[in-house]
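> attaching a predicted model along with its sequence, questions to come.
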Amino acid sequence: MNELRAFDLAAGDPATWRITEDAFDADAQHHSETVFTIGNGQLCVRGSFEEGYPDDHPAAFMHRVWDDMPVSVTELANLPRWWGVDLWFDGERFRLDAGRLLAFNRSLDLRTGVLCREVRWEAPSGAVVELGFERFADFSSPHRAAVRVSVASDRPVKVRTRAGLDAHVENTGLLHWRVAGQGADESAAWLHTRTRNTGIDLGSACAVTLDGVKADAAAGGADGVPTVEHTFQLQAGRTATLTKLVAIVSGIDAADPIAGASRLALDAAAAGWDALREASDTAWRQAWERSDVVIEGDQEAQLSLRFSLFQLLIAAPRFTEHASIGAKTLSGFGYRHHVFWDTETFMVPPFSYSQPQIARNMLMYRWHCLAGARDKARANGHRGAQFPWESAGTGEEVTPTWVPDSDDRALLVRIWTGDIEIHITADIALAVMQYWQVTGDDAFMRDHGAEIVLDGARFWASAARLESDGHCHFRNVVGPDEYHDRVDDNAYTNQLAAWHLRTAGTVARWLADNHPGRWAELSADLGLDASELAQWGEVAEAIFNPAAPDGLLEQFAGYFDLTDVDPAELRDPARTTSMQQLYGIDGIAATQVLKQPDVLMLAYLLPELFPGNALARNYAYYDPRTDHEHGSSLGPAISAVMACRAGEPEVGYQHFLRAARADLIDVRHNAGDGIHGASAGGLWQAVVFGFAGLEVTADGWHTTPMLPKHWTRVAFCFDHHGVRQRVVVEA
Ligand code: BGC
C-alpha cells in the first residue's frame, strides 16, 4: 500500500465510464428510462425518448417544486415536458412502435453526463432515416439543459419538426400544473405554469434553431403546448440539426421566473451548444476529480460504482441547502421523492468525504426542517425535535398511513413507519457528527449542527419511559428490519438513542467551552440547562440494553423466540421474490428472517459497542438470516462492509455485486420507479469503508484494506479537515 502515490483519475478503460444499450426493449423501457436519467444537481430528466413511446414514464423533476394533493400526497411535480422533439418524414410521424427499427444504440457518458441515441429507422413509406439525439443538463448552472437532434435520409424527404414545451404531464395520474401563460415565435417558446396547490410559478423556455438546411419556421402550439415548428426538404446525404436550448426557473429561485427562463434560453442560444457543453464539461471534470473512486481489476465493479456516483451527483442539491436527495433520487416517481434515513445514513457520507459543501447542503436541509420535526414531537406528546420518517418540503411527516398492497391493489396495507420508525432522529445526528469529524467544519457545528443534535436528544429523553425495572424502554417501534414492526426494545433504536443522548452531552460541552456566546444563545433559545443535560446522561445510562450471552445481541424483545428458517431456503437461487412476498406480512414477522441488517447495522455504525469477538458472533448469527437477495436494497452494501470486518472479503464481494446491480440489472423489478439512492451511496461505503477499510479517528485516518482477490488497486480522494488526502490501496 502506498498512500502518497498520486494517480490519474481519468485513467482506465473508457468502457468504465459509459453505460450503453444496443437494442430497444419496450418491455424494459421503464428500467432504461431510470438508468439513462441525467441531471445537474437541480433538475433531472429520465431517459424517456424525445418523441415518446406508448406507456412510457416520461418525467423530469426539479428540487423544491413540491405540490400537495388531497389525501396527503406531497411530491415533486413532474416538470412540463421540455426535452420533447416530434418529427415527421413525408408526413409520417417518427415513432419506434411504427415503421421498422433497423439499428438502435444509446449511451450515457458518465464523465460528461451527455446522453446519446443513434437510430436507423425505416419509415412506413420506405425512406430510411438516420437520427442522432443528444441531451445534457448543464452541470455548471441550475437552470439550463440542451437537446440536439440530427436527421439524414437515404432519399429526399419532406421533414417537419416540432420542438416546444408541454404542460400536459402527470405524476402517475395526478395533475399538478395549471397553465398561466404561454407564447412562441419562430425561434423560441415559453410557458408559465403554476402548481395547483402550493402555487409555485414555473417559467420554462426554449430557443430552437435548425442548421444544415433551409427551412420554414413557424410558431405553433395548442393550449399549454407552445412550439416552434420547422419544415424543409432534406436531400439524400445531407444532415439537418435541430438544437433546443432550454431554461427552467421556478418562482422559488427568481422573482420573475418567466422572464428569467426566457432570458436564460436566449443567452444560451447566443452562446451556443459548444459553449454550454464546455461549461458543463468543466464542472463535471471538477466534480469527478473529487468524487471518482478507481477500482482496478474489475470492470463491472468500476463501472457500477461510477454509475452510482453519477446518479448521486446529478440528484444531490448542489445549488441549494433547502433540498436533499429522496430515496429514489430525482429519477422516478417511487416514494414520491421523499427523504428517508437513506439520505443521512447512506448518501451523505460519500459527500461528507469528497464534496463536503454538498453534504453541508443536505444537512442544512434538515436544519431548515427543524420546525417540522418540533411539530412532530409535540404532536406525539414529546419535546425536542423528532424528525419525520419521510420528509418533503417542510419537514413535516409525509409518510402515507395506508398504501395499496403490491399484489392486490384493492387491499390496503397499514404503514407504521411514519408513526413509530423513530431511529431516524439519531441517524441524522450521526451523519452530522460524521460530517463534523471528517471536515472539521466547526462553523457548521456551532451554528447549525449542534442544534440538530441537541434538540434531537431532547426528543429521545422525553420519549424514553422509565419503567418499574429501572430501565428506560422504547416500546412499539420499527427498527431498520421492517419485516418486524411494532416491536419493543429494538437494539438498534435503543443503542442509537443512548449514543445520541451521550453525544449531545459532548456537543453541549464543546459548544460551551469553545463558543460560549453561541452556547448562551442556543441554550437560551432551547431553554436548555445543566440539569436537563445531566438528565440526558441518566436516561442514556438507563436505556435498556439486553444482556448479550456470548456477545450475541437480541434484535428486539422476543426475537429469539421466533421461528427460525432454514438458511438454505433463504439462499435458494431459484427464489425470485422477497421472503415477505413468500410468507406474507404476518408470516414473515413470525420468523427470524430479516429484511436488512439491523443488529449488524448497529455494529456497522457504532463498532465500539461490539468489542472482542462480539462482532464475529453477531455476524455469524444475523448474516445468514438476512434476505440479501430480495429484501431491502439498502442491505447488501452494508453486508459487504460487515463481511470485510469479519475477515471475509470474498463474501463481501458477493454482497457488493448485489448492491452494484440494484439498478443496472433490475434485480427487484422496481428500478423503473427510480434509482435506489441508498444502495448507490452504500456502494461507495462498501468500497471506501469496507474493502479499503478507511477509518477517520480523532487522531487522523488509516486504512485496513481487505480487497477481493481479483482487485489490484483502489484509489480515491477525500478531504480531511479541508486538506485533500489521496488514498491508494494495492493488492
Ligand atoms: C426500507 C427502508 C427504506 C425505504 C426507502 C424500505 O423498503 O426497508 O429502510 O428507508 O425502503 O428506501
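Okay, I see it.
> got the buried residues for stretch 287-294?
Across stretch 287-294, burial judged by 16 or more other C-beta atoms under 10 Å covers A287, W288, R290, S291, D292, V293, V294. (C-beta placed from N, C-alpha, C; glycine too.)
> restricted to helices, list the residues you listed.
A287, W288, R290, S291 (DSSP state H).
> so which strand or helix has the nearest residue to the first one once chain neighbours are set aside?
To tie it back to what came earlier, the one meant is A287. Nearest non-adjacent residue to A287, counting by C-beta to C-beta, 6 or more residues apart in numbering: L313, 5.7 Å away. Assigned by DSSP states H and E, L313 falls within helix 299-315.
> let me see the mean pLDDT of the next helix or strand after that helix.
Counting by DSSP H and E, the next helix or strand C-terminal to helix 299-315 is helix 341. Mean pLDDT, helix 341: 98.
> out of the ones in helices among the buried residues of stretch 287-294, who's nearest the ligand?
Nearest to the ligand, judged by C-beta to the nearest ligand atom, of these is S291 at 22.2 Å.
> what does the pLDDT read for that closest one?
Here the pLDDT value assigned to S291 is 97.
> also G260?
With respect to pLDDT, G260 has a value of 98.
> equivalent analysis for S72, please.
60.
> ditto for M69
At M69, the predicted lDDT confidence score is 85.
> now P404
Each residue has a pLDDT score; the one for P404 is 88.
> measure it to V413 for me?
Between P404 and V413 the computed distance is 7 Å (C-beta to C-beta, to the nearest Å).
> likewise for G584?
G584 sits 11 Å away from V413, going by C-beta to C-beta.
> what parts of this structure come near the ligand?
Within the chain, the residues that sit near the ligand (C-beta under 6 Å from any ligand atom) are A327, Y335, F340, W341, D342, P480, E482, K595, Q596, S632, L634, A678.
> for the ligand, what's the nearest residue on the stretch 601-731 of the chain?
Per C-beta to the nearest ligand atom, the residue of the stretch 601-731 of the chain with the smallest distance to the ligand is S632, at 4.1 Å.
> for V151, helix, strand, or coil?
Secondary structure, DSSP: H, G, I helix; E, B strand; the rest coil: V151 is strand.
> where does pLDDT dip in the stretch 1-150 of the chain?
Counting by pLDDT under 70, the low-confidence segments of the stretch 1-150 of the chain come to 1-12, 71-72.
> repeat that with 80
Scanning the stretch 1-150 of the chain for pLDDT under 80 picks out the ranges 1-13, 70-72.
> can I get stretch 48-56 in CSV, CA atoms only?
Taking Å, rounded to 0.1, in the frame of the first residue of the first chain, the C-alpha atoms of stretch 48-56 are listed here in CSV:
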residue,chain,number,x,y,z
SER,A,48,-37.6,8.9,-21.9
PHE,A,49,-37.5,9.4,-25.6
GLU,A,50,-37.8,12.8,-27.2
GLU,A,51,-40.6,11.5,-29.4
GLY,A,52,-42.2,9.5,-26.6
TYR,A,53,-43.3,5.8,-26.7
PRO,A,54,-46.6,4.1,-25.7
ASP,A,55,-46.8,3.5,-21.9
ASP,A,56,-43.5,5.3,-21.3
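> which residues touch that stretch?
By C-beta atoms under 8 Å, 6 or more residues apart in numbering, the surrounding residues in contact with stretch 48-56 are 26, 29-30, 33, 57-59, 83-87, 93-97, 117, 133, 135, 147, 149.
> with stretch 568-581 instead?
Stretch 568-581 is contacted by residues 406-407, 483, 565, 582, 588, 591, 593, 595, 624-631, 668 when judged by C-beta under 8 Å, 6+ apart.
> what comes up buried for that stretch?
Neighbour counts over stretch 568-581 (16+ other C-beta under 10 Å) mark L570, S578, M579, Q580 as buried.
> helices - which of those residues land there?
Per DSSP H, the buried residues of stretch 568-581 map to helices at L570, M579, Q580.
> now, among the residues you listed, which is nearest to the ligand?
Checking those one by one against the ligand (C-beta to the nearest ligand atom), the nearest turns out to be Q580, at 9.9 Å.
> how many other residues sit next to L370?
18 (other C-beta atoms under 10 Å).
> right, and it touches G395 too?
Yes - with contact defined as C-beta atoms under 8 Å, L370 counts as touching G395 (6.9 Å).
> any weak-confidence spans in the chain?
Within the chain, the stretches with pLDDT under 80 are 1-13, 70-72, 406-407.
> is R144 in a bridge, and if so with what?
A247 (DSSP bridges).
> what is the burial count for whichever residue of the stretch 351-500 of the chain sits closest to the ligand?
Residue nearest to the ligand within the stretch 351-500 of the chain: E482 (4.3 Å; C-beta to the nearest ligand atom). Using other C-beta under 10 Å, E482 is surrounded by 19 other residues.
> only whichever of the contacts of stretch 568-581 are buried, select them in ChimeraX.
A single ChimeraX command suffices to select whichever of the contacts of stretch 568-581 are buried according to 16+ other C-beta under 10 Å:
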select :483,565,588,591,593,595,625,626,627,628,629,630,631,668
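> sort out for me which of the contacts of stretch 568-581 are in helices.
Counting by DSSP H, the part of the contacts of stretch 568-581 found in helices is L582, I588.
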